[in-house]
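> here's a sequence, model it:
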Amino acid sequence: MDFAMIFFILVGALSVATAVGVVTSRVAVHSALFLLVHFATLAILYVTLNAQFLAAAQIIVYAGGIVILILFVIMLIGSAPLETRAGYRSWVPYAGLALGLLMLAGMAMTMLQMPLTPTDPNANQGGAPILLGVQIYSQNILLVELAAVLLLVALLGALLLARQPKTEETTIS
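Alright, predicted model coming up:
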């Protein structure tokens with residue numbers, strides 16, 4: 001094994017560890033900082049794969065914009081733990097599991113249809129946006145659609161978590 005492969009494995013392991021830290025951290029600020037480190041390690045992985053455009057987009061858009069926005073929201077509304085409502089909807093975990101398995105099956109089906117080696121090794125050209133767009137939206141459209149569905153489900157989940165329970169208002173007469 002050469003140094004590049006060892007570096008790639010170490011950065012990949014750090015990326016997976018920080019992704020686990022995002023979902024297991026009980027403090028919202030720590031979770032956001034884990035997310036920032038995860039995005040930075042993904043950008044490093046993109047550079048090692050000769051996709052400089054994706055690395056720059058990862059840092060500018062996600063690490064520079066999204067994580068900072070999340071930190072501002074946490075600072076504005078506070079990071080008090082959410083009150084969980086056990087038994088709120090008994091079908092929600094099963095629906096989440098079913099949708100996750102459906103997405104995993106779709107990604108596995110798409111990955112099995114892809115060739116193991118790229119047809120043209122120079123096709124990446126440093127992650128040029130035009131070539132990247134043609135590659136993503138012509139051959140991997142199912143993955144793009146599955147990512148859109150995943151983002152929609154995450155948005156709906158965030159709305160359900162942030163929704164306050166209805167309380168009866170007392171009117172002053």
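> domains of the protein?
The chain breaks down into these domains under automatic domain parsing: 1-81, 85-166.
> in this protein, where is pLDDT below threshold?
For the chain, the stretches with pLDDT under 70 are 79-89, 115-128, 132, 164-173.
> what residues of the helix or strand encompassing residue 146 count as buried?
Residue 146 is part of helix 141-162, with elements assigned from DSSP states H and E. Under the neighbour-count criterion of 16 or more other Cβ atoms under 10 Å, helix 141-162 has 143, 146 buried. Just so you know, the C-beta spots here come from the backbone N, C-alpha and C atoms, and that holds for glycine as well.
> could you say what helices and strands it packs with?
Packing partners of helix 141-162 (3 or more Cβ pairs under 8 Å, 6 or more residues apart in numbering; DSSP states H and E): helix 92-113, helix 129-139.
> list the contacts of it.
Helix 141-162 is contacted from outside by 82, 96, 99, 103, 106-107, 109-110, 136-137, using Cβ atoms under 8 Å, 6 or more residues apart in numbering.
> follow-up on the earlier one: which of the domains of the chain sits most buried?
Mean neighbours per residue, mean count of other Cβ atoms under 10 Å, is largest over the domains of the chain for domain 1-81, with a mean of 15.
> can you give me the end-to-end distance of stretch 52-62?
One end of stretch 52-62 to the other measures 15 Å (Cα to Cα, to the nearest Å).
> equivalent analysis for stretch 55-62, please.
Stretch 55-62 end-to-end distance (Cα to Cα) = 10 Å.
> next one: stretch 133-149
Chord length of stretch 133-149, first to last residue, is 19 Å (Cα to Cα).
> hang on, isn't residue 34 packed against residue 18?
Yes: in terms of Cβ atoms under 8 Å, residue 34 counts as a neighbour of residue 18; the distance is 4.9 Å.
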